[in-house]
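Asker: When you get a sec, could you give me coordinates for this:
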Amino acid sequence: MRRHTARAEEEQSIDLTPMLDVVFIMLIFFIVTASFIKETGIEVNRPDASTAQSKDNASILVAVNGNGEIWIDKRRIDVRAVRSNIERLRAENPEGAVVIQADEKATADIIIKVMDAAREAGVFDVSLATED
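Answerer: You can find the predicted model right below:
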């Protein structure tokens with residue numbers, strides 16, 4: 001009688017291998033299709049603009065804070081190194097545009113230097129980020 005009960009328990013067990021395969025495939029699918037948000041590394045108070053438009057292919061983000069510091073990929077960058085960093089990011093994504101997230105108190109001098117460095121790096125699609 002004991003053997004009969006053991007066989008019945010074996011026959012009633014559920015094989016979880018196909019379910020684990022499906023879960024693993026779904027995990028891979030979501031990782032591959034997920035879009036990751038790039039950040040500059042600092043939070044800036046962007047100025048307000050009534051004519052602001054959304055930018056879809058903004059993949060190179062440059063932040064300029066009120067102290068004149070420039071941040072790219074969560075690192076503080078010297079103004080002389082902006083061009084080389086943008087060239088490196090442009091090589092990773094040739095279709096990407098540069099978006100400068102300038103603080104309200106940032107000087108025009110620093111913003112213009114960043115814009116010039118982006119154009120020297122071969123990116124002519126340069127925009128300034130604003131609040132809606």
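Asker: Tell me where the chain has strands.
Answerer: Secondary structure of the chain (DSSP state E): strands at 58-64, 70-72, 75-77, 97-102, 126-128.
Asker: Tabulate the ones you listed (CSV), appending mean neighbour count, distance to residue 22 and mean pLDDT.
Answerer: Every C-beta, even on glycine, is put in place using the N, C-alpha and C of the backbone. Listed next are those as CSV, based on neighbours: other Cβ atoms under 10 Å; distance: least, Cβ to Cβ, whole Å; pLDDT from 0 to 100:
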stretch, mean neighbour count, distance to residue 22, mean pLDDT
strand 58-64, 23, 33, 83
strand 70-72, 22, 40, 90
strand 75-77, 15, 40, 90
strand 97-102, 23, 39, 88
strand 126-128, 16, 43, 84
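Asker: do you know which of these lies nearest residue 13?
Answerer: Residue 13 sits nearest to strand 58-64 of all the strands of the chain, at 50.1 Å, using Cβ to Cβ.
Asker: Now do that closest one: distance to the chain's middle.
Answerer: In this view, strand 58-64 has its centroid 9 Å away from the chain centroid, taken as Cα atoms, centre = their mean, to the nearest Å.
Asker: What lies in contact with that strand?
Answerer: Under the criterion Cβ atoms under 8 Å, 6 or more residues apart in numbering, residues 38-42, 44, 70-72, 82, 86, 89-90, 93, 95-103, 106, 110-111, 114, 118, 123, 127 lie in contact with strand 58-64.
Asker: mind giving me JSON lines with the strands of the chain and columns for distance to residue 25?
Answerer: As requested, the strands of the chain are arranged in JSON lines below (distance: least, Cβ to Cβ, whole Å):
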{"stretch": "strand 58-64", "distance to residue 25": "28"}
{"stretch": "strand 70-72", "distance to residue 25": "36"}
{"stretch": "strand 75-77", "distance to residue 25": "36"}
{"stretch": "strand 97-102", "distance to residue 25": "34"}
{"stretch": "strand 126-128", "distance to residue 25": "39"}
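Asker: Tell me which of these lies nearest to residue 27.
Answerer: Each of the strands of the chain was scored for nearness to residue 27 using Cβ to Cβ, and the closest is strand 58-64 (25.2 Å).
Asker: Show me which helix or strand of this protein is least confident by mean pLDDT.
Answerer: Across the helices and strands of the chain, mean confidence by mean pLDDT, DSSP states H and E is lowest for helix 2-12: a mean of 62.
Asker: I'm done for today, thanks for sticking with me.
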